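Asker: Using only what follows, build the 3D model:
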Amino acid sequence: MSAFLHQRPLHNVQTDSYSSSPRSPNDYQKPSTIINRTTLLLLLILLVLLGVLFPWISIPHGLFSTNSKLSVSKWKDYTLAEAVASVAKNGTVIVCAVSQPYLPFLNNWLISIVRQKHQEKVLVIAEDYATLYMVNEKWPGHAVLVPPAPDSQTAHKFGSQVMYLENCADVMLSAQYYRCLRRQGFFNFTSRRPRHLLQILELGYNVMYNDVDMVWLADPFPSLQGEHDVYFTDDMTAVKPLNHSHDLPPPGKKGRTYICSCMIYLRPTTGAKLVMKKWIEELQAQPWSKAKKSNDQPAFNWALNKTAGQVDLYLLPQAAFPTGGLYFKNQTWVQETKGMHVIIHNNYITGFEKKIKRFHDFGLWLVDDHALESPLGRLK
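Answerer: Next up, the predicted model:
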C-alpha cells in the first residue's frame, strides 16, 4: 500500500524524440497525482466491500486453523441424541457402525441406498475419530462417535476376530467389564451395537441396522409389514418355500437359532427394548477369550430365543433378504427368485479383498464407476 501512497516525483526528465520541446517536471507529476487519488479511492471501495462481504464469505477448510479446530470440536461433542434427531425422517433412522478401513464398503452401501432414496435418514456410527471427521466433512451431521473410542486403531481384515484394539479408559458399565472388552477386538466392536440401538429406541425412534458389506437392490421398507417389535433375517442357507413362516425358526444343533445380526429393524416398543437389554446381558454372560472367539450374533440369538414368548418377532422373507451363503452360491435359486431380492449380504466369506472381488464378480461393487452417487463422493 505504501508504494502507491508515497510515490516520489520523477527527477529524470527525458526529451520526447517526436516532440519539438522537452516536457517540464510538472507534466510528469500530474499523472502520478491522479494515480494516487484513483488508487486511494479504489482501496477505500475495496475495504468497504470486504467489510460488508467478509462475514459472509465461506473460508476454505484448513485456511485458518481456528476454524478447523472449531469444526473438530463440534463433531467430537456431537451426541447420539443430536445426531438421530438431525437425520431421522418420519421417526426412522438407518444406522451402521464403521471404522476407517471399511470406508469403501460404507460408500458402496450408501450408493445402493441413494438409489432407493433413503440416504437422508442414514447415520454412520463412527468407531474412530478419523471416520467421524471424514464423513462429517463431506456429509455434515451424518456421523457420530459414541465414547469410548480410540484415536487410532489397529485394523484387520474382514473375517478376522480382531477389528481394532480399543482404549476403554472411560467405562460405560464397570471397570471390570471394560478391562475384559479391551482385549476383545471384533467382539468389542460389535458388542457396542445393542447399546447404540437401545439408546435410539429409548429416544423414541424406529431404527434399522445394516452391516456395510450389504447392498440394497430394492426398497426394504415395504417388506416391513405389520407392527411387529423386531424384524430380522435367517442366516441359514437351506432354501425355504416362498410362503415360509415368519415366526422365529426352531433352534439348531447348538440349541439356538441362526438369525443374522447384520440386518435388524426395531420399533421403539417395550418388546424391542427387552430384546436389546437381553442381548447386552447375554454378551456380558459370554466373556471373550482366545479359546472361545465370540461375536455378538450368538448372544443376539439367545436373546431372541429367551424373549420369544414376550416379544412380537418377525422373520423377513428369505427371497428378499438372502444370506450370502445362498445368494452367491446357489445360482439356480437366484434365477428362480429373480426380481424378489431386496438386500444382499456379502457374508459366508472372509477377507477384505475377497469380499470386494465377490461383489465385483456379481456386479455389486458400485464405487469404481458410481462413486459420485454417494454423499461421500470419491474417497481418496
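Asker: Can you give me every residue that contacts residue 94?
Answerer: 113, 118, 121-123, 207-210 (Cβ atoms under 8 Å, 6 or more residues apart in numbering). Placement of C-beta: from N, CA and C, glycine included.
Asker: ok, now residue 270?
Answerer: Residue 270 is in contact with no residue at all, counting by Cβ under 8 Å, 6+ apart.
Asker: Renumber starting at 57 from here on
Answerer: That works, and once the first residue is 57, the last one we named lands at residue 326.
Asker: Could you identify which of the contacts of residue 150 has the most neighbours?
Answerer: Sorting these by how many neighbours each has (other Cβ atoms under 10 Å) puts residue 263 first, at 27 neighbours.
Asker: Does it fall in a helix, a strand, or a coil region?
Answerer: Applying DSSP: H, G, I helix; E, B strand; the rest coil to residue 263 yields a three-state assignment of strand.
Asker: Equivalent analysis for residue 373, please.
Answerer: Of the three states, residue 373 takes coil under three-state DSSP.
Asker: roughly how far apart are it and residue 313?
Answerer: 17 Å (Cβ to Cβ, to the nearest Å).
Asker: Most widely separated two among the contacts of residue 150?
Answerer: Using Cβ to Cβ, the contacts of residue 150 span at most 14.8 Å, a distance reached by 169 and 263.
Asker: And the residue nearest the centre of the protein?
Answerer: To find the centre residue of the chain, average its C-alpha atoms and take the closest one (Cα atoms, centre = their mean): that gives residue 180, at 3.0 Å.
Asker: Report whether the expected contact of that residue with residue 163 is present.
Answerer: No - under the criterion of Cβ atoms under 8 Å, residue 180 lies out of contact with residue 163, with a separation of 10.8 Å.
Asker: All the strands of the stretch 157-306 of the chain, in order from the start?
Answerer: 178-182, 199-201, 262-266, 270-272, 286-290 (DSSP state E, counting those that start in this stretch).
Asker: could you dump the ones you listed to TSV with distance to residue 431 and mean pLDDT?
Answerer: Formatted as TSV, the strands of the stretch 157-306 of the chain follow (distance: least, Cβ to Cβ, whole Å; pLDDT from 0 to 100):
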stretch	distance to residue 431	mean pLDDT
strand 178-182	8	98
strand 199-201	11	98
strand 262-266	16	99
strand 270-272	15	99
strand 286-290	26	98
